[in-house]
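A.B. asks: Quick one: sequence and predicted model below, then my questions.
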Amino acid sequence: MHRFPFTLKQMADEKELRYDPAAIEPKWQQRWAADPALYAAEPAASGKEKYYVLEMLPYPSGQLHMGHVRNYSIGDALARHMWMRGYNVLHPMGWDAFGLPAENAALKNNTPPREWTLANSAAMQKQMQRLGLGYDWATEVTTCLPDYYRWNQWFFLRMAEKGLVYRKQSKVNWCPDCATVLANEQVVNGCCWRHEDTLVAQQDLEQWFLRITAYAEELLKGLDNLEGWPEKVRTMQRNWIGRSEGTEIDFAVENRPEKIRVFTTRVDTIFGATSLQLAPEHPFVVALAQADQGLARQVQGLIEEQKKARESDDFGAIEKHGIPTGHIAINPYNGDLLPIWVANYVLLDYGTGAIMSVPGHDERDFEFAKKYALPVKRVIAPADPRAEEPELPFTSDDGVLVNSGDYDGLAVAAAQRRLQEEAENHGYGHAKVTYRLKDWGISRQRYWGTPIPMVHCETDGLVPMPDDQLPVILPNKIEITQQGGSPLGRVPEFVNTTCPKCGKPARRETDTMDTFIDSSWYFYRYTDAKNSAAPFDPAKAQYWFPIDPYIGGVEHAILHLIYSRFWTKVMRDLGLIVNDEPAKRLFTQGMVIKDGAKMSKSKGNVVSPDDMVARYGADATRMYALFAAPPDRDLDWQEDGVAGVSRFLGRVWRLVTKHSPTARNADSLQSSSKSEKGGALQRKLHQTIAKITQDFEGRWHFNTCVAAIMELVNEMQAADAELSSGEVPAPVVRELLTSLVLLLAPFAPFLAAELWEELGEQTAILRAPWPKSDPELAREDEIEIPVQVNGKLVSVVRVPAGAQPKDIEAAALADEKVRARSAGKTVAKVIVVPGRTVNLVVK
């Protein structure tokens, strides 16, 4: 007969001491859900300092993955910490709910996009609540609902009134998988940003644009003020905006009335120009091709070459081809006659679509000139006359002009100013600033997006919808195909309407808006999510903005972040807000990596947080996401790490529950009683409080915060005998346990809430004050000082904290290892750096 090694009572006691997140976490989830005020922001009249913490809203795909958990755990830890610091915290969440995945899912599953999207949002909200994420769901925003997208339409109309909206025929990026247009920012390495292996094609379509270029200079200059944004993001935006200072010059054409305008950043090389190169779609070329079918066929060949190079995102490496037009341009500075060519490496949408070719000082022009035997002239030389004459092309702008008539000997910068002045004085040119940034094409030929509030009237042309007829409602159930343009065009009850201006029959616009419209201003709506009369109350936005930390992936640096900065500036100019930028601090968390690649459904390496929560609990899952790597670095996913964090939380559970009776019965947190072990534990506690508080106020390296809590727990467990025997006074035990639980609260909120209650506390831990470090209690009694002899580490001595230099020197000289190293030698010099080191020079 087998005998059990434990009695039934011992087994029950052991079960009582076992950490069981499956029991603890649902209990607190239910309590928190029953208290809508728990995570709710207070009115501005509360008098508290505000803290608006925001993670980028997700697309409701239906399932969170660990990349989401990492992002949201960072924001949630910050929010909980700031609540405990007494701040008025706004911590909202919503859904970036329009977009192609819902439409594609409708095609695949025969489910209406609205139904699919809202079901997914509800499922993801449940996941977030199970993870204990502290969001104020009363401020929830869902961008596919009319109460939100009506304001997209309202903003569109306000921008149209300010001249920031226009429609034109344009060459656009077309994704064949999406069956719609992409903005320039949505083309990554020549492929669609959603379909990484699908090459983007070029098509000519009538499109709606937002004039983001009107804010190009302000968007660029504003980056200098965003000191709380990563330099990497600011650099990416500077490069995308792409400011170029230069000169526009008009070249007359022999025997023709036209003039060809050229933009150059190097007008100082104008005397080295030996030809003009025009883009294949330049109006001058188009006019020539219309009269010459042979030329037209050749030009079409260049257009096809450009198209292939664009689609492969390798335009810079295009093999240079050109066609002579037989026409001659006249250099306005010296009268030189320059042949006009059509070249495949010149783009219509860069500058003016025409360049002056200076092969002596530009590598691309040099390659073209050599191929077609065009002249090469040297017009820039090194500034030092003793320097050897460099090979051509000489592309440096640190030099002086030569072979340039009256400008010989001038430095490049001075020559540029003089040449610009001459052009302006004689009326054939002027200084010019251009930008790489292009206007934002927002037309999409798909169903699941915000309808554009315009109608096409045969009498009045394009007519905006009146505000009182907003929102233009997206029909709920329609047949969705990827053929024949927008699906809305096949819904007569949507398309057919009357003109708001003349009352005659008209057709609605069937393109929908780019979904980046939705995410460009959603964070303002959070401040006043139920407002039916305006996008939001300006007074509320003024109180909450700018966002204090905005947390998301660096992959949004160009798309979402530049669009949202533009939208903020437009809203400021509309008088809705006073801030210039949406966020004071931007934090870009690292990716979660598994099997050597970023977690994504397409790679099949997604880890479901539901599985981790079921096995180890929500606290262990989110705490691992914060502990495994600094939050701004990539995290290499290891499930063993989650299990390890779960075991640690079990240790905390046993430590606190074992000694909670002592803590509950302590008379006061203040006590004059001292003990050596109690003092050492208090010192470690207050050092830990100081470190974690400092990390929350600065770099957010929560991995080291968790490590510091682990060190504190190790020391407390090592002193278990003293804690149990009463050698450590009860008030000190209470301070140790309550402070430990408070420090744990931002990282493991479920366990912290349970242990807070175990310690006899009645108030919600979220409303408990964050512990303060006492510098006196944190100060070490003794410190270790390394001692070097002739620059080599010999020993380490312990001295009282705050010891005088003479006492530190005496301790160093008395150390046995130091005495042995210096025996028979003379100590010539002793250098003491208090609290740091001792250096002895012996001879």
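C.D. replies: Yep, that arrived.

A.B. asks: Tell me how far the residue nearest the centre of the chain lies from Arg585.
C.D. replies: Note on the chain: the residue nearest the mean C-alpha position is Val554, at 4.1 Å, using Cα atoms, centre = their mean. Val554 is 14 Å from Arg585, where distance means Cβ to Cβ, to the nearest Å. Heads up, the C-betas are built off the backbone N, CA and C, glycines and all.

A.B. asks: correct me, but Arg798 touches Glu780?
C.D. replies: No: using Cβ atoms under 8 Å, Arg798 is not in contact with Glu780; the gap is 9.9 Å.

A.B. asks: Please look at Leu401 and Arg378 and confirm they touch.
C.D. replies: No: the pair Leu401 / Arg378 is not scored as a contact, 10.3 Å apart, by Cβ under 8 Å.

A.B. asks: the more surrounded of these two?
C.D. replies: For the pair Leu401 and Arg378, the greater number of neighbours falls to Leu401 (26 against 17), based on other Cβ atoms under 10 Å.

A.B. asks: Could you list everything the more buried one pairs with in the sheet?
C.D. replies: Counting by DSSP bridges, Leu401 is bridged to Ile380.

A.B. asks: still on that earlier bit, chain neighbours aside, what residue packs nearest to the residue nearest to the centre of the chain?
C.D. replies: Nearest in space to Val554, with sequence neighbours left out and distances taken as Cβ to Cβ, 6 or more residues apart in numbering, is Thr588 at 4.1 Å.

A.B. asks: That neighbour - how many residues pack around it?
C.D. replies: Number of residues near Thr588 (other Cβ under 10 Å) recorded here: 20.

A.B. asks: Please verify my assumption that it contacts Gly553.
C.D. replies: Yes: using Cβ under 8 Å, Thr588 makes contact with Gly553 at a distance of 6.2 Å.

A.B. asks: Low-confidence ranges, the stretch 401-550 of the chain, go.
C.D. replies: Confidence mapping of the stretch 401-550 of the chain against pLDDT under 70 gives the ranges 482-484.

A.B. asks: quick one, helices of the stretch 601-750 of the chain?
C.D. replies: In the stretch 601-750 of the chain, the segments counted as helices under DSSP state H, counting those that start in this stretch are 609-616, 618-627, 639-664, 676-697, 702-718, 720-725, 730-744, 749-758.

A.B. asks: Which among the ones you listed is found nearest to Glu218?
C.D. replies: Counting by Cβ to Cβ, Glu218 lies closest to helix 676-697 out of the helices of the stretch 601-750 of the chain; the figure is 31.2 Å.

A.B. asks: Contacts for the closest one next, please.
C.D. replies: Residues from elsewhere that reach helix 676-697, judged by Cβ atoms under 8 Å, 6 or more residues apart in numbering: 78, 81, 701-702, 704-705, 708-709, 711-712, 715-716, 719, 722, 727-729, 732, 735-736, 739-740, 743, 746, 770-775, 777-781.

A.B. asks: The closest residue to Arg234 other than its chain neighbours: neighbour count?
C.D. replies: Sequence neighbours aside, Leu223 is the residue nearest to Arg234 in space, at 4.7 Å (criterion: Cβ to Cβ, 6+ apart). Other residues within reach of Leu223 by the criterion other Cβ under 10 Å amount to 18.

A.B. asks: now Thr111
C.D. replies: Thr111 has 14 nearby residues by other Cβ under 10 Å.

A.B. asks: what does Gly86 give?
C.D. replies: Summarising burial for Gly86: neighbours were counted as other Cβ under 10 Å, giving 13.

A.B. asks: so is it in a helix, a strand, or just coil?
C.D. replies: Following DSSP: H, G, I helix; E, B strand; the rest coil, the label given to Gly86 is coil.

A.B. asks: ok, now which ones touch it?
C.D. replies: Applying Cβ under 8 Å, 6+ apart as the definition, the contact partners of Gly86 turn out to be 48-49, 769.

A.B. asks: What pLDDT does the model give the residue nearest to Trp637 when sequence neighbours are not counted?
C.D. replies: Closest residue to Trp637 apart from its sequence neighbours, by Cβ to Cβ, 6+ apart: Lys594 at 4.3 Å. At Lys594 the predicted local confidence, pLDDT, stands at 89.

A.B. asks: From Leu626, how far off is Lys594?
C.D. replies: Taking Cβ to Cβ, one finds Lys594 at 17 Å from Leu626.

A.B. asks: could you pull out the strands for the stretch 151-300 of the chain?
C.D. replies: Residue ranges of the strands in the stretch 151-300 of the chain, as given by DSSP state E, counting those that start in this stretch, are 165-175, 180-182, 187-188, 191-192, 201-210, 243-253, 259-264, 275-278.

A.B. asks: Kindly apply the preceding question to the stretch 1-150 of the chain instead.
C.D. replies: So, for the stretch 1-150 of the chain - with DSSP E, counting those that start in this stretch - the strands run 50-52, 54-55, 88-90, 94-95, 141-142.

A.B. asks: will you turn these into TSV that also has mean pLDDT?
C.D. replies: Rendered in TSV, the data for the strands of the stretch 1-150 of the chain read as follows (pLDDT from 0 to 100):
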stretch	mean pLDDT
strand 50-52	98
strand 54-55	98
strand 88-90	98
strand 94-95	97
strand 141-142	98
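
A.B. asks: Dump the ones you listed to TSV, plus distance to Asp177 and mean neighbour count.
C.D. replies: Shown next, in TSV, are those (distance: least, Cβ to Cβ, whole Å; neighbours: other Cβ atoms under 10 Å):
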stretch	distance to Asp177	mean neighbour count
strand 50-52	37	22
strand 54-55	29	24
strand 88-90	38	24
strand 94-95	23	24
strand 141-142	26	21
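
A.B. asks: Now render the ones you listed as TSV, adding distance to Gly617.
C.D. replies: As requested, the strands of the stretch 1-150 of the chain are exported to TSV (distance: least, Cβ to Cβ, whole Å):
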stretch	distance to Gly617
strand 50-52	28
strand 54-55	22
strand 88-90	25
strand 94-95	26
strand 141-142	29
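
A.B. asks: And those: which comes nearest Thr527?
C.D. replies: Checking the strands of the stretch 1-150 of the chain against Thr527 by Cβ to Cβ gives strand 88-90 as the closest, at 7.1 Å.

A.B. asks: Give me the sheet partners of that closest one and which way each runs.
C.D. replies: Short version: by DSSP bridges, strand 88-90 pairs with strand 50-52 (parallel).

A.B. asks: what sits up against the partner strand?
C.D. replies: 44, 79, 82, 87-90, 543-548.

A.B. asks: Among those residues, filter down to the buried ones and hand me the ChimeraX syntax, if you would.
C.D. replies: With 16 or more other Cβ atoms under 10 Å as the criterion, this ChimeraX line picks the buried residues out of those:
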select :79,82,87,88,89,90,543,544,545,546,547,548
